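Colleague: What shape does this take:
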Amino acid sequence: MRSFLLLTETGPLLLLTRCSSVTEDCLVEHLNGRGIQKFIAFEVPIGKVHKLYGVPFEVVAADIDLGRETRVLDYNGPHIFSNFSFDELGTPTHVEH
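Modeller: Sure thing, here's the model as predicted:
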């Protein structure tokens, strides 16, 4: 399981996914189906996400373990940005579909 912070045209999203890369077809198609055609993604440490979100993380992670490819953990921009510094984020990946 991986966690990605996406900066989208409608705001940031924090995702949990079974996909190993943010550019995998299954993830890109899922996002396209939700109207997200263009985004910048950063992988964030899954351990930190688990520590910060606790039980909500575990609920969403359980859905991933049961076969869901991707779930949104958080879409509250101020909350997301207050929990992650730019120093923690890896190299950005740009996706435009």
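Colleague: Which stretches in this protein count as strands?
Modeller: Using DSSP state E, the strands found in the chain span residues 2-8, 11-17, 38-44, 70-74, 93-96.
Colleague: Could I get those in JSON lines, plus columns for mean pLDDT?
Modeller: Shown next, in JSON lines, are the strands of the chain (pLDDT from 0 to 100):
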{"stretch": "strand 2-8", "mean pLDDT": "96"}
{"stretch": "strand 11-17", "mean pLDDT": "96"}
{"stretch": "strand 38-44", "mean pLDDT": "96"}
{"stretch": "strand 70-74", "mean pLDDT": "96"}
{"stretch": "strand 93-96", "mean pLDDT": "94"}
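Colleague: Any idea which of the ones you listed gets closest to Tyr53?
Modeller: Closest approach to Tyr53 among the strands of the chain is made by strand 70-74 (6.1 Å; CB to CB). Glycine gets a C-beta too; all of them are placed from N, C-alpha and C.
Colleague: Report the contact partners of the residue lying closest to Asp65 once chain neighbours are set aside.
Modeller: Using CB to CB, 6 or more residues apart in numbering and skipping the chain neighbours, the partner closest in space to Asp65 is Met1 (7.9 Å). Neighbour list for Met1: 16-18, 46, 61, 64-65 [criterion: CB atoms under 8 Å, 6 or more residues apart in numbering].
Colleague: Check Glu58 too.
Modeller: Per CB under 8 Å, 6+ apart, neighbours of Glu58: His50.
Colleague: surely Ser96 meets Lys38?
Modeller: I think there's a mix-up here, since residue 96 is Glu and not Ser. Yes. Between Glu96 and Lys38 a contact is recorded at 4.7 Å, counting by CB atoms under 8 Å.
Colleague: higher neighbour count, the two?
Modeller: Lys38 (12 against 7; other CB atoms under 10 Å).
Colleague: Fine by me, we can end here.
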